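[1] Starting from these lines, generate the structure:
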Amino acid sequence: MLSSINPEIIQDLEGARTAIMALLNLVEELKGDNASLREEVQRMRDEIARLKGEQGKPEVKASKKGGNHSSEEERREKKEWKKREKKADIPIHREQKLEVDKSELPADAEFKDYVEVVVQDIRIEMENVKFLKEKYYSASERKTYIAELPGGYEGEFGPEVRSLVLVLYFSGNMTEPKIVEFLSHIGVRISTGQISNLLIKKKDDWNEERREVVQAGLESTTWQHTDDTATRVDGENQHCHILCNPLYTAYFTRPGKDRLTVLDVLQGGEGLRFLLNTETAAWLDLFKVPQWAQAKISQWPQEFLLERAEIEALLQEEMGHLNQQQQARILEAAALTAYNERTDIPIINTLLSDDAPQFQHTTEHQALCWIHEGRHYKKLTPFVEYHRHLLKNFGKELWKYYHQLQAYREQPSADEAVRLREEFDALFSTTTGYDALDQRIAKTYDKKERLLQVLDQPQLPLHNNPAELGARQRVRKRDISFGPRTQDGVEAWDTFMTLTETAKKLGVSFYQYVYDRISGDNSLPSLADLIRTRTQTLNSEDAWLPP
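    I've put the predicted structure just below:
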């Protein structure tokens, strides 16, 4: 960087400016290198201390102010806050008139009216039931007839306890021991083993409700949010994938988070299919699979659905010397072909996600999250004050442009789309002289098509916050309960987290929904039916734009 600077030939202000900018960028680079070296030296010192049986330097987390990469404050426009009326829709269960002590009233006091005061309360009490079931015996049939228990009563616990356990664990994020403790205060005698059985055993009906919710959610929009977060199953690292839109949120726990897993999730998590045809050849070209391998693949069964075991056997037999990544690209090409050919499930047109590579190419279009993009700029930590000034000014322009995209979504037009594309080119072709910022600006420009999908599809959100909020629920559950230990537990976590988050979006009481199903009343419509009804309403009103 310094080799091109010769002070003796600098004769004007522009030359001096260029030299100063180069020196400032060098200061930033050296400052970053110095910080990295200090961290590496400290790690080595800590490791030496541990090898000597001593303790390393304690890890003290940075304050939130210094490590905050959120872009919420910048992206949100200031709106007038209004207090929401909370008591307007509270149902009244009983009414009680309260009288004034007449002895305290003066002689001329006259009754005028009642003053209404609404007080919310609940009643938690035991209701142990001893059922006396009639029993008959038929000598001719050698058969005993016993009366059935009412709906919802199974084993040692009634529908209220069974419903409460599910809601406290999956919606209230309580641990099994804490649920036992809470119920014991009321008088319920129950063990953690019994709690575990209530949470994960005999859940086929619930799993079916979840499958219907996912199917209805996939049908409701041509676009979907997605994200993933780390989770553990029996102590092993896995990944929880979130798929959602404004009407539902679904969870899928899987061992990996590669493109094949994302494709499986987009199909409701029911398993992958594989297909070879001319479209597969196009994918193989895009994924740069060697030509000799493509020639062999063209001789494999064409236009015929293959199970995973079948195509993996072909790979092992004829492509065994390809590396793991190349074999994965072949599987992805065949899986993408099969997905795009399906007619029995909705095919997602646009996936709204972050810029992780596994999300690319899974759908016809990909829309990127502007909030994620903004975080990259928040992570820049310039040492030079002038660079801080440049970063701050560019950040203001970035979020100003973001607000223009928000306005476009509400009133889209062809002319405005052209203008916004031109303004994007101008803004993200800026050269500030701060190298780290300029490199980040150039990377944003390379994502133009995916960041501006909203200009072609105004119904698309500009951020992926719903999927991130869904992931946050899993993180909270993970922090409290660590993770499931069995496959039954995995299914229960995915099923009930899907149902509770979907119920929340649809404005349904999760407790009432669970009790309705467990008691056998089944008077409430299914969440899947509610999604379909809401979809029709939103489509008729063209009201898909979120606030």
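
[2] looking at this, residue 144 is in a strand?
    Yes - according to DSSP: H, G, I helix; E, B strand; the rest coil, the state of residue 144 is that of a strand.

[3] Would you check that it makes contact with residue 135?
    Yes - using Cβ atoms under 8 Å, residue 144 is in contact with residue 135, at 6.5 Å. Every residue, glycine included, has its C-beta placed from N, CA and C.

[4] any residues in contact with both of the two?
    When Cβ atoms under 8 Å, 6 or more residues apart in numbering defines a contact, no residue borders residue 144 and residue 135 alike.

[5] can you pull out the helices in the stretch 351-500 of the chain?
    Under the criterion DSSP state H, counting those that start in this stretch, the stretch 351-500 of the chain contains helices at 370-378, 385-410, 414-427, 435-446, 448-451, 453-456, 465-481, 487-506.

[6] Dump the ones you listed to CSV, plus distance to residue 229.
    Conversion of those to CSV gives the following (distance: least, Cβ to Cβ, whole Å):
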stretch, distance to residue 229
helix 370-378, 14
helix 385-410, 25
helix 414-427, 31
helix 435-446, 24
helix 448-451, 22
helix 453-456, 24
helix 465-481, 4
helix 487-506, 12
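
[7] Of these, flag the one that's most buried.
    With neighbours defined as mean count of other Cβ atoms under 10 Å, the helices of the stretch 351-500 of the chain peak in mean count at helix 487-506, which reaches a mean of 22.

[8] Tell me which residues of whichever helix or strand comes after that helix come out buried.
    As assigned by DSSP states H and E, the chain's next helix or strand after helix 487-506 is helix 510-518. For helix 510-518, burial by neighbour count (16 or more other Cβ atoms under 10 Å) applies to 510-511, 513-518.

[9] If you count contacts, what does the strand or helix carrying residue 313 end up packed against?
    Assigned by DSSP H and E, residue 313 falls within helix 308-318. Secondary-structure packing of helix 308-318 (3 or more Cβ pairs under 8 Å, 6 or more residues apart in numbering; DSSP states H and E): helix 324-341.

[10] helices and strands around the helix it packs on, which ones?
    Counting by 3+ Cβ pairs under 8 Å, 6+ apart, helix 324-341 packs on helix 259-266, helix 278-286, helix 291-297, helix 308-318.

[11] what angle sits between that helix and helix 278-286?
    Angle, helix 324-341 to helix 278-286, by axes from the mean of the first three to the mean of the last three Cα atoms, to 10 degrees: 150 degrees.

[12] Just the buried residues of helix 324-341, please?
    For helix 324-341, by 16+ other Cβ under 10 Å, it's 326-339.

[13] just the residues you listed now: which is nearest residue 431?
    Using Cβ to Cβ, residue 329 comes nearest to residue 431 of the buried residues of helix 324-341, at 36.6 Å.

[14] now the closest residue to residue 491 other than its chain neighbours: how far from residue 305?
    Leaving aside its chain neighbours, residue 491 sits nearest to residue 207 (6.0 Å; criterion: Cβ to Cβ, 6 or more residues apart in numbering). According to Cβ to Cβ, to the nearest Å, residue 207 stands 25 Å off from residue 305.

[15] ok, now residue 374?
    Residue 374 sits 43 Å away from residue 305, going by Cβ to Cβ.

[16] Reformat the helices of the stretch 351-500 of the chain as CSV; add mean pLDDT and distance to residue 99.
    Formatted as CSV, these follow (pLDDT from 0 to 100; distance: least, Cβ to Cβ, whole Å):
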stretch, mean pLDDT, distance to residue 99
helix 370-378, 94, 58
helix 385-410, 94, 55
helix 414-427, 97, 66
helix 435-446, 95, 71
helix 448-451, 97, 67
helix 453-456, 96, 63
helix 465-481, 94, 48
helix 487-506, 96, 42
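
[17] nearest to residue 53, of the ones you listed?
    Distance to residue 53, taken as Cβ to Cβ, is lowest for helix 465-481 among those, at 31.6 Å.

[18] What lies in contact with that closest one?
    In contact with helix 465-481 (Cβ under 8 Å, 6+ apart) are residues 169-170, 173-176, 225-232, 240, 242-246, 249, 251, 352-353, 369, 371, 493, 497, 501.

[19] run the last query once more with 7 Å
    173, 175, 225-227, 229, 231, 240, 242, 244, 249, 251, 371, 497, 501 (Cβ atoms under 7 Å, 6 or more residues apart in numbering).

[20] Out of the residues you listed, which two sit at the greatest distance?
    The most widely separated members of the contacts of helix 465-481, counting by Cβ to Cβ, are 175 and 371 (32.2 Å).

[21] can you give me the helices for the stretch 101-250 of the chain?
    Using DSSP H, counting those that start in this stretch, the helices found in the stretch 101-250 of the chain span residues 159-170, 176-186, 192-200, 204-220.

[22] other SSEs contacting the second one?
    Right, the one you point to is helix 176-186. helix 159-170, helix 192-200 (3 or more Cβ pairs under 7 Å, 6 or more residues apart in numbering; DSSP states H and E).

[23] For that helix, buried residues please.
    Neighbour-count burial for helix 176-186, with 16+ other Cβ under 10 Å as criterion, is recorded at 176, 179-180, 182-183.

[24] Give the residue farthest from the middle of this structure.
    Distance from the C-alpha centroid of the chain peaks at residue 107, with 67.5 Å (Cα atoms, centre = their mean).

[25] okay, that residue: pLDDT?
    pLDDT for residue 107: 89.

[26] can you give me phi and psi for it?
    Note on residue 107: backbone dihedrals following degrees, to the nearest 10 are phi -60, psi -30.

[27] Nearest to residue 125 among the helices of the stretch 101-250 of the chain would be which one?
    Closest among those, using Cβ to Cβ: helix 176-186, at 7.4 Å.

[28] now the contacts of helix 465-481: which count as buried?
    For the contacts of helix 465-481, buried by 16+ other Cβ under 10 Å: 225-227, 229, 231, 240, 242, 244, 249, 251, 371, 497, 501.
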